[in-house]
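Enquirer: Predicted model and sequence follow; I will ask about them next.
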Amino acid sequence: MRVTSTKSLFSSSPPCVVAIVFVALVLSSADLCNGGKTSIYARKPEKTGDMPLHSDVFRVPSGHNAPQQVHITQGDHVGKAVIVSWVTQDEPGSNTVVFWKENSNEKRKTEGEVKTYKFHKYTSGYIHHCIIRNLEYNTKYYYEIGDSDSNRKFWFTTPPPVSPDAPYTFGIIGDLGQTFDSNSTITHYEQNPRKGQTVLYVGDLSYADIYPNHDNVRWDTWGRLIERSVAYQPWIWTAGNHEIDFAPELGETEPFKPYTHRYPVPYLASKSRFTPQYQWLQQELPKVNRRETPWLIVLMHAPWYNSFNYPFMEGETMRVVYEPSFVKYKVDIVFSGHVHAYERSERVSDIASNVVNGIYTTVKDRSAPVYITVGDGGNVDGLASNMIEPQPAHSAYRESSYGHAVLDIKNRTHAYYSWHRNHDGNPVEADTMWFFNRFWHPADESSASQ
Ligand SMILES: *[C@@H]1O[C@H](CO)[C@@H](O)[C@H](O)[C@H]1NC(C)=O
Ligand SMILES: *[C@@H]1O[C@H](CO)[C@@H](O)[C@H](O)[C@H]1NC(C)=O
Ligand SMILES: [Fe+2]
């Protein structure tokens, strides 16, 4: 798996099956004619709102200064490094990660860095980040952090070596927050029989910013909530609007401060820091060797193709600038969040319009990506339900329910995709599609999709 990223820490080495490109924040054209399927699924009434602070999922691990909010993400381009992060609340404590291969007694150690930050009247705990390198592919590793009286042990498995036919399974989650529904999304992801190996996260993490003074305690509770997944498999981050935390009224003028302090990404691997995003992407897309990593997936927060009325067209200015290169470089899939619902598009493009000329000509385009919105993680803002009627032609399937998706890459030509709604039993697939790779097998998939 080759991951490149536009933001956040650490250097890394240079390329599995997938090149993932992250594009930051930033919907849509309104071609009104016969579209795809609008699900008529109706939800049962449910418990809503953020889980209270005393909830089981927010419990602090026992022991003095025990590491909490443990999370890992990929640490380089090729899948041989992992960044381990955690927080200690009382004192800095140990900054070492001890790690070893399964069935091996040979333990290695790496030292990380520790920092704190302030946000208005809040002071963070000691935030540790430690990159462990030179890992072997396809290998289960155990890792241990913390001081001897309160140390904690976790594990993860590295991806297969770079090869065009290496299989790999991604989970896709977005706009999670920390409500009872968020907890249900995580549980469904964990219990899905189609096991995700890495999560592609499409932005809007904790929603701490909706609290008075952006109460950063809710960043800590979020970190404890997701630990049960992200301590054991990498979550690949994309920033959303709820990560901006720009609050001059509180004296906070450094955008993305809590997010960047807590969730590092291997930006040096793609030389992306301080590079304007557009310029970086124009250099990055041609570098993707599809013979080596056939699948080209883009993550960004706000969708370009969406048929819900709110939020509407927020990514439009970005779309008119970026879309031609997505088509030129045959991006397979674009995953987004932001709109709190689920939607999958047809392969469409709309290259002629430039915002001001009023030419909306969304057409089927075999070189264009499929756009999938998975902003349905379950946050406190609730579901988007106001849909544009009739369903636009670009929209293949849409539904106002919480859930997550899974992309199961089989080989260079085929990937099986499924979307799972929280109200169904774990194995149920509410929307599915066989993806054909745009470089190796650019055939029309519509006969294979539901
Ligand atoms: C969250 O989900 C887990 C796993 O299903 C469950 O054990 C826990 O009690 C749930 N917590 C809340 C507050 O709903
Ligand atoms: C790729 O995977 C698909 C789906 O599992 C399978 O039908 C196809 O035969 C595979 N191709 C190769 C070359 O193995
Ligand atoms: Fe958002």
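Expert: Good, I have the coordinates. Numbering: from 1, shown residues only. Ligands and ions are numbered 1, 2, ... in the order given.

Enquirer: In stretch 363-383, which residues are buried?
Expert: Going by neighbour count (16 or more other CB atoms under 10 Å), the buried part of stretch 363-383 is 368-380, 383. Glycine gets a C-beta too; all of them are placed from N, C-alpha and C.

Enquirer: ditto for stretch 202-222
Expert: Buried-residue list, stretch 202-222, by 16+ other CB under 10 Å: 202-209, 213-216, 218-222.

Enquirer: Restricted to helices, list the residues you listed.
Expert: 218, 219, 220, 221, 222 (DSSP state H).

Enquirer: Near ligand 3, list only the ones from those.
Expert: Counting by CB under 5 Å from the ion, nothing from those sits close to ligand 3.

Enquirer: measure stretch 300-319 end to end?
Expert: End-to-end distance for stretch 300-319: 11 Å, by CA to CA, to the nearest Å.

Enquirer: Rounded mean pLDDT for it, please.
Expert: Stretch 300-319 comes out with an average pLDDT of 91.

Enquirer: Does at least one residue of that stretch sit close to ligand 3?
Expert: No: Stretch 300-319 stays out of contact with ligand 3 when judged by CB under 5 Å from the ion, the minimum separation being 5.8 Å.

Enquirer: What residues sit buried inside that stretch?
Expert: Of the residues in stretch 300-319, 300-308, 311-316, 318-319 count as buried by neighbour count, 16+ other CB under 10 Å.

Enquirer: got it, and stretch 91-103?
Expert: For stretch 91-103, a neighbour-count test (16+ other CB under 10 Å) marks 93, 94, 95, 96, 97, 98, 99, 100, 101 as buried.

Enquirer: Closest one to residue 85 out of the residues you listed, please.
Expert: Nearest to residue 85, judged by CB to CB, of the buried residues of stretch 91-103 is residue 97 at 10.0 Å.

Enquirer: Quickly find the element holding residue 87.
Expert: Taking DSSP states H and E as the criterion, residue 87 maps to strand 82-88.

Enquirer: Nearest to ligand 2 among the buried residues of stretch 91-103?
Expert: residue 101 (29.9 Å; CB to the nearest ligand atom).

Enquirer: hang on, the closest one packs against residue 141?
Expert: Yes: between residue 101 and residue 141 there is a contact under CB atoms under 8 Å: 5.9 Å.

Enquirer: Name the nearest residue to residue 319, ignoring sequence neighbours.
Expert: residue 304 (4.0 Å; CB to CB, 6 or more residues apart in numbering).

Enquirer: got it, and residue 121?
Expert: Residue 121 sits nearest to residue 213 (CB to CB, 6+ apart), 6.7 Å away.

Enquirer: swap in residue 170?
Expert: residue 407 (4.6 Å).

Enquirer: Need phi/psi at the one you found.
Expert: Phi and psi for residue 407, reported as degrees, to the nearest 10, are phi -120, psi 120.

Enquirer: Can you give me the neighbour number for it?
Expert: When neighbours are defined as other CB atoms under 10 Å, residue 407 has 25 of them.

Enquirer: Okay, it and ligand 3: tell me how far apart.
Expert: Going from residue 407 to ligand 3 by CB to the ion, to the nearest Å gives 21 Å.

Enquirer: again with residue 429
Expert: Per CB to the ion, residue 429 is found 26 Å from ligand 3.

Enquirer: That residue reaches residue 418, doesn't it?
Expert: Yes: here residue 429 reaches residue 418: they are 4.1 Å apart, a contact under CB under 8 Å.

Enquirer: Can you tell me the closest non-neighbouring residue to the residue in the stretch 201-350 of the chain positioned nearest to ligand 2?
Expert: Closest approach between the stretch 201-350 of the chain and ligand 2, counting by CB to the nearest ligand atom: residue 294, at 11.0 Å. Nearest non-adjacent residue to residue 294, counting by CB to CB, 6+ apart: residue 412, 4.3 Å away.

Enquirer: SS state for the one you found?
Expert: coil (DSSP: H, G, I helix; E, B strand; the rest coil).

Enquirer: dump the residue contacts of it.
Expert: When contacts are counted by CB atoms under 8 Å, 6 or more residues apart in numbering, residue 412 touches 17, 164, 165, 294, 437, 440, 441.

Enquirer: What's the per-residue pLDDT of the closest residue to ligand 3 within the chain here?
Expert: Nearest to ligand 3, among the residues of the chain, is residue 338, at 3.9 Å (CB to the ion). At residue 338, the model reports a pLDDT of 97.

Enquirer: With adjacent residues omitted, what lies nearest to it?
Expert: residue 302 (4.3 Å).

Enquirer: What does that neighbour show for phi and psi?
Expert: Torsion angles, degrees, to the nearest 10, at residue 302: phi -90, psi 130.
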